[in-house]
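Enquirer: below: sequence and its predicted model.
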Amino acid sequence: MSYAREVAEILGRVGCVKIGKFILSSGRESTIYIDLRAVPSHPREFRALAELCARRISELDFEILAGIESSGIPLATALTLIMDKPMVYVRKEAKSHGMRRLIEGDFSPGLKALIVDDVATTGSSLERAASALRSEGLVVESAFVIVDREEGARERLEHLGIKLLSMTTLSQLTSMMSGLREAGAGC
């Protein structure tokens, strides 16, 4: 079974693909919303998804995971536990108190970081995270998401020398979910 099909089955069981009228974080309007924030509320499905993701990224060359606030943090946490790799997370903005950090966690400059998030649309959040990590001396060559909405993130990151990997794309996901519905899989 392909990663895309397994992801579609998991997201279908959890009800993560919403149909309606939505405004995305990019400001764009869409009739499809991928709400992966619900997955950690379903431990079996979350574990299965995280294990699939760990298999998908296991061959990548990285030393530390970097989850993006907020939806990238649960996935990066699950991956760090499965893969026994250290993790940091990148805030949307630096705290105004305490250490005033944009990046939380322990790391050393020169480490290769894999950026982790749930969904990529235009790539602006991934670009912001890459910039923050690079400004602290981390090496960023790859980013990883569950779903690439195919709205420019891949191309945007390529211009920065970053390869975007995903478990599935929006077109694959919608095609798979249509097939699963027709087969009576309850998606």
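Expert: That came in fine, so what should we check first?

Enquirer: pull up the distance across stretch 162-178, start to finish.
Expert: Taking C-alpha to C-alpha, to the nearest Å, the first and last residues of stretch 162-178 lie 32 Å apart.

Enquirer: again, but for stretch 85-93
Expert: End to end - C-alpha to C-alpha - stretch 85-93 spans 25 Å.

Enquirer: any idea how far it is from the chain center?
Expert: 13 Å (C-alpha atoms, centre = their mean, to the nearest Å).

Enquirer: for stretch 104-118, same thing?
Expert: 14 Å.

Enquirer: next, the buried residues of it.
Expert: Glu104, Gly105, Phe107, Leu111, Ala113, Leu114, Ile115, Val116, Asp117, Asp118 (16 or more other C-beta atoms under 10 Å). All C-beta spots, glycine's among them, are computed from the backbone N, C-alpha and C.

Enquirer: next one: stretch 135-143
Expert: So stretch 135-143, judged by 16+ other C-beta under 10 Å, has buried residues Glu136, Leu138, Val139, Val140, Glu141, Ser142, Ala143.

Enquirer: avg pLDDT for the longest helix along the chain?
Expert: If you go by DSSP state H, the chain has its longest helix at helix 43-57. Taken as a whole, helix 43-57 has a mean pLDDT of 98.

Enquirer: that helix packs against which elements?
Expert: helix 3-14, helix 72-83, strand 139-148, strand 163-169 (3 or more C-beta pairs under 8 Å, 6 or more residues apart in numbering; DSSP states H and E).

Enquirer: okay, angle between the first one and helix 43-57 too, please.
Expert: Angular relation of helix 3-14 and helix 43-57 on a 0 to 180 degree scale: 160 degrees, by axes from the mean of the first three to the mean of the last three C-alpha atoms, to 10 degrees.

Enquirer: same check, this time on the second one
Expert: In terms of direction (the same axes, to 10 degrees), helix 72-83 departs from helix 43-57 by 70 degrees.

Enquirer: picking that back up, off-centre distance for the longest helix of the chain?
Expert: Per C-alpha atoms, centre = their mean, the centroid offset for helix 43-57 relative to its chain is 12 Å.

Enquirer: who touches the next helix or strand after that helix?
Expert: Downstream of helix 43-57, the next assigned helix or strand under DSSP states H and E is strand 64-68. Applying C-beta atoms under 8 Å, 6 or more residues apart in numbering, the contact partners of strand 64-68 are 73-77, 79-80, 83, 85-90, 103, 107, 111-117, 125-126, 129, 133, 138, 140.
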